[in-house]
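Q: just coords:
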């Protein structure tokens, strides 16, 4: 395979690095990766609560399919909040020199923070949640993680009206929506290390444009790529067979229903809604647009240092780093990898308190 050939030609240090990454990826495969929430995924079109039959009756509501969708898709859409991934890679996606790998970054001492405790309620591979995690990691903010059961959502029962993720509790204050979470915390953090971020300043016109582009377009392009084929759809739900607060029969039912529903929703609803014919082609075009007009000739969209737009695009891409989508994107849009590896290094290792890599 391409990966094996790359490892065989690498230096001993690089081979050791690849093996270490492989062990990390294997360990990560045991961690559940759940779905894409946040209403921006499907826009602000008219919504209606939908309840699926059987197991889906445990899900409170779904927002992926408009009321006019077929009865089958309405039932299947209850699983639309699952943006799942199977973390099955045993080696690095692209073998790179050890010096370009993410560097460990110490969390900001708690006594320097304007709050004492930060808790993120998430689905592990939700791109909006990954935007927030990328921001936390970059700013060195220590944070607790609570994985939300996508069927019952019992972990966020305290949130009566807002039933999506991410939700962040800053001490006793609840913050919703990834863009609002990042803007609110960055304003409070001000100039706390690492330097160079927006530090409470208003975003530049370019930064704001591309940060909005992520939620308005890029996420919509990513989703049908994950469920492009039956094989990819089922692979994305394999995690449920290994982890989850379900019995064996329920896990298999959710896996089957989730893969089928998300494949059909992606092909029959999301692609049509956003005028996407070839999802891979649209992904490549979106990334080329980002690199040419967002990043331009600089190291980052923010110039010498990442800004909110960089963090947002990186977070969404990092959410799918174990998917074929990610490999194909880096293989077909060559300019992306250099930026992505620079972002990995700037963001650094996760500062989440459970010690699990993002």
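A: Arrived safely, thanks for sending. The model shown is predicted, which means the values in this text are computed figures rather than measured ones.
Q: count of residues packed around residue 111?
A: 6 (other CB atoms under 10 Å). In this view, the C-beta of every residue, glycine as well, is placed from N, C-alpha and C.
Q: buried residues, the stretch of helix or strand residue 271 belongs to. List them.
A: For residue 271, the element it lies in under DSSP states H and E is helix 271-273. Judged by neighbour count using 16 or more other CB atoms under 10 Å, the buried positions of helix 271-273 are residue 271.
Q: following the chain onward from it, which element is next?
A: Next along the chain after helix 271-273, with elements defined by DSSP H and E, is helix 279-289.
Q: packing partners for the very next helix or strand once past that following helix?
A: Later in the chain than helix 279-289, the nearest helix or strand by DSSP H and E is helix 308-319. Contacts defined by 3 or more CB pairs under 8 Å, 6 or more residues apart in numbering; DSSP states H and E place helix 308-319 against helix 127-139, helix 178-189, helix 205-213, helix 219-226, helix 334-347.
Q: columns distance to residue 356 and mean neighbour count on top of those, output as TSV?
A: As requested, those are exported to TSV (distance: least, CB to CB, whole Å; neighbours: other CB atoms under 10 Å):
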stretch	distance to residue 356	mean neighbour count
helix 127-139	11	27
helix 178-189	20	19
helix 205-213	27	17
helix 219-226	22	24
helix 334-347	15	18
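Q: test my guess that residue 188 contacts residue 118.
A: No: contact criterion CB atoms under 8 Å: residue 188 and residue 118 do not qualify, at 11.0 Å.
Q: if I pick residue 267, what's in contact with it?
A: Residues in contact with residue 267 (CB atoms under 8 Å, 6 or more residues apart in numbering) are 224, 227.
Q: what stretches of this protein score poorly on pLDDT?
A: 1-107, 191-202, 239-247, 250-251, 254 (pLDDT under 70).
Q: helix/strand/coil for residue 355?
A: When classified by DSSP: H, G, I helix; E, B strand; the rest coil, residue 355 comes out as coil.
Q: how close does it sit to residue 343?
A: With distances taken as CB to CB, to the nearest Å, residue 355 is found 22 Å from residue 343.
Q: then residue 310?
A: Counting by CB to CB, the gap between residue 310 and residue 343 amounts to 6 Å.
Q: any common contacting residues for those two?
A: With CB under 8 Å, 6+ apart as the test, residue 310 and residue 343 both reach residue 300.
Q: surely residue 119 is in a strand?
A: Yes: the assignment for residue 119 by three-state DSSP puts it in a strand.
Q: right, and it touches residue 166 too?
A: No: using CB under 8 Å, residue 119 is not in contact with residue 166; the gap is 10.5 Å.
Q: more neighbours: these two, which one.
A: Between residue 119 and residue 166, residue 166 has the larger neighbour count (other CB under 10 Å), namely 23 against 16.
Q: close enough to count as contact, that one and residue 124?
A: No: when contacts are counted by CB under 8 Å, residue 166 is not listed as touching residue 124 (11.2 Å).
Q: between the two ends of stretch 351-358, how far is it?
A: 9 Å (CA to CA, to the nearest Å).
Q: same deal with stretch 348-358?
A: 10 Å.
Q: so residue 159, which of the three states?
A: coil.
Q: what sits against it?
A: Residue 159 touches 167, 174, 176, counting by CB under 8 Å, 6+ apart.
Q: at 7 Å what do you get?
A: With contact set as CB atoms under 7 Å, 6 or more residues apart in numbering, residue 159 has these partners: 167, 174.
Q: again, but for the one 3 residues further on
A: By CB under 7 Å, 6+ apart, residue 162 lies in contact with residue 176.
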